[in-house]
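K.L.:
pasting the structure only:
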Ligand code: SF4
């Protein structure tokens, strides 16, 4: 075992030169120096925003919500469960959960503690149990067991903030009332200088101002895919990014354009 480390190092050294020429060229390409954006530069011109949207459409033509669901309630519940948890994990939990408790009424009849074991693996299960049971009870007592279709009504449900409401309105009811702002949308909208804010509500407002309304729903789905595949939090894969020459983010890993100090994740 003691001799394994040097051998592995040797293999790594030999393997590096045989990496594809494209990859080597990309790695060798310099990052342009970080500086202030040129005077008069406006990242929010309609032409630039349209170009970003067109390239996202090309790369992610079928982007949609990754949470499996068969009803508005199932999507609402899955979105509550997805906080601080991967969609993959939620999709493992919900089929069993919705078979055990098939209706809103079944959830409303539970005590939150009874739900906890079923959702434990999604994390924060105590709060999530309270939210799910609380939301189900409110739906039964005040909305006839149906998930409402307005932002104001959705925000009355325990555990539901604008992000969850936007997911349900946009994905299930196809109502563009706002833009889903999660961690990916926050990071990438800032890198692309579509916003300078860090507060989700202000970011959403900025995006609603800069994006055409018919893109509010799909934009978030596309950016979430982009954030998972390419524009990851650390070491984004800029050399593979369809938006590369439109992006001036200070933390780019590879760039053909100048990088701006103000464009930070
Ligand atoms: S170029 Fe890099 S930082 Fe900019 S959007 Fe693409 S992956 Fe993200």
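P.N.:
Arrived safely, thanks for sending. Bear in mind that the values here come from a model prediction, so they are computed numbers and not experimental data. Numbering: from 1, shown residues only.
K.L.:
When you work out contacts or count neighbours from here on, use the C-alpha atoms and nothing else.
P.N.:
OK.
K.L.:
Tell me how far the biggest helix by length in the chain lies from the chain's centre.
P.N.:
Determined from DSSP state H, the single longest helix within the chain is helix 125-142. The chain centroid and the centroid of helix 125-142 are separated by 24 Å under C-alpha atoms, centre = their mean, to the nearest Å.
K.L.:
can you count the residues close to residue 228?
P.N.:
Neighbourhood size, residue 228 [other C-alpha atoms under 10 Å]: 13.
K.L.:
The longest helix of the chain: what's the following helix or strand?
P.N.:
Counting by DSSP states H and E, the next helix or strand C-terminal to helix 125-142 is helix 151-154.
K.L.:
Report the contact partners of residue 237.
P.N.:
Residues near residue 237 by C-alpha atoms under 8 Å, 6 or more residues apart in numbering: 230-231, 253-254.
K.L.:
where's it relative to the ligand, distance?
P.N.:
Distance, residue 237 to the ligand, using C-alpha to the nearest ligand atom, to the nearest Å: 5 Å.
K.L.:
any idea what the spatially most central residue of the chain is structurally, helix, strand or coil?
P.N.:
The C-alpha lying nearest the average C-alpha coordinate of the chain belongs to residue 224 (C-alpha atoms, centre = their mean; 3.5 Å). Put simply, residue 224 is helix when judged by DSSP: H, G, I helix; E, B strand; the rest coil.
K.L.:
Check whether it really touches residue 186, as I assumed.
P.N.:
No: between residue 224 and residue 186 there is no contact under C-alpha atoms under 8 Å: 9.9 Å.
K.L.:
Torsion angles phi and psi at residue 260?
P.N.:
phi -110, psi 140 (degrees, to the nearest 10).
K.L.:
how close does it get to residue 121?
P.N.:
Here residue 260 is placed at a distance of 41 Å from residue 121 (C-alpha to C-alpha, to the nearest Å).
K.L.:
Which residue of those two possesses the greater neighbour count?
P.N.:
Just comparing residue 260 and residue 121: by other C-alpha under 10 Å the higher neighbour count belongs to residue 260, 22 against 15.
K.L.:
so what's the more buried one bridging to?
P.N.:
For residue 260, the beta-bridge partners are residue 35 (DSSP bridges).
K.L.:
so what's it up against?
P.N.:
34-37, 248-250.
K.L.:
Dump those into JSON lines; add neighbour count, pLDDT and distance to the ligand as well.
P.N.:
Listed next are these as JSON lines, based on neighbours: other C-alpha atoms under 10 Å; pLDDT from 0 to 100; distance: C-alpha to the nearest ligand atom, whole Å:
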{"residue": "34", "neighbour count": "16", "pLDDT": "74", "distance to the ligand": "13"}
{"residue": "35", "neighbour count": "13", "pLDDT": "75", "distance to the ligand": "16"}
{"residue": "36", "neighbour count": "13", "pLDDT": "80", "distance to the ligand": "17"}
{"residue": "37", "neighbour count": "16", "pLDDT": "82", "distance to the ligand": "15"}
{"residue": "248", "neighbour count": "27", "pLDDT": "96", "distance to the ligand": "7"}
{"residue": "249", "neighbour count": "25", "pLDDT": "96", "distance to the ligand": "5"}
{"residue": "250", "neighbour count": "21", "pLDDT": "94", "distance to the ligand": "8"}
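K.L.:
Which residue ranges of the stretch 51-200 of the chain form helices?
P.N.:
Along the stretch 51-200 of the chain, counting by DSSP state H, counting those that start in this stretch, helices occupy 72-81, 87-100, 104-108, 112-119, 125-142, 151-154, 162-167, 183-191, 200-210.
K.L.:
out of those helices, which comes closest to the ligand?
P.N.:
Relative to the ligand, the nearest member of the helices of the stretch 51-200 of the chain by C-alpha to the nearest ligand atom is helix 183-191, separated by 5.9 Å.
K.L.:
How much space separates the closest residue to residue 241 other than its chain neighbours from residue 179?
P.N.:
Leaving aside its sequence neighbours, residue 241 sits nearest to residue 230 (C-alpha to C-alpha, 6 or more residues apart in numbering; 6.5 Å). Taking C-alpha to C-alpha as the measure, residue 230 falls 21 Å from residue 179.
K.L.:
likewise residue 185?
P.N.:
From residue 185 across to residue 179, the span is 9 Å (C-alpha to C-alpha).
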